[in-house]
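> mind folding the following:
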Amino acid sequence: VQLQASGGGLVQAGGSLRLSCATSGHTFSSYNMGWFRQAPGKEREFVAGIRRSGNSQGYADSVKGRFTISRDNAKNTVYLQMNSLKPEDTAVYYCVAGFRDYGLAPTYWGQGTQVTVSS
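Model prediction:
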């Protein structure tokens, strides 16, 4: 399973970014997909997840109401729309696949994409 994240960058507080994660090497629709992040000096943390069918999503409390996860099974791609970004959202964001439930350790990790939010 290969996960390729993109879309990170530098944005001012209050701005938006959309992360994408293209996948290959597996049947995309068979996997729960999600995003974790790791800020400098902190442990990796769960951000958002979406079930295989796309009809259920889960979010960390810190991003609820601001971030939206979605998936396009026809394109083998999962997205993370991030609105109202805050400096504390600054982190490396990782696309993940294969977790059993939201927040639990996933089986597969992609390379990270840096998101930096300036105040």
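> what residues does stretch 111-119 touch?
Contacts to stretch 111-119, defined as C-beta atoms under 8 Å, 6 or more residues apart in numbering, come from residues 3-13, 15, 17, 19, 37-38, 82, 85-94. Just so you know, the C-beta spots here come from the backbone N, C-alpha and C atoms, and that holds for glycine as well.
> would you mark the buried spots in the longest strand seen in the chain?
Across the chain, the longest stretch assigned as strand under DSSP state E is strand 108-118. Within strand 108-118, the residues scored as buried using 16 or more other C-beta atoms under 10 Å are 108, 109, 110, 112, 113, 115, 117.
> make TSV out of those and add distance to residue 69 and pLDDT.
Compiled in TSV, those are given as follows (distance: C-beta to C-beta, whole Å; pLDDT from 0 to 100):
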residue	distance to residue 69	pLDDT
108	16	94
109	16	95
110	15	95
112	17	94
113	15	97
115	15	98
117	18	98
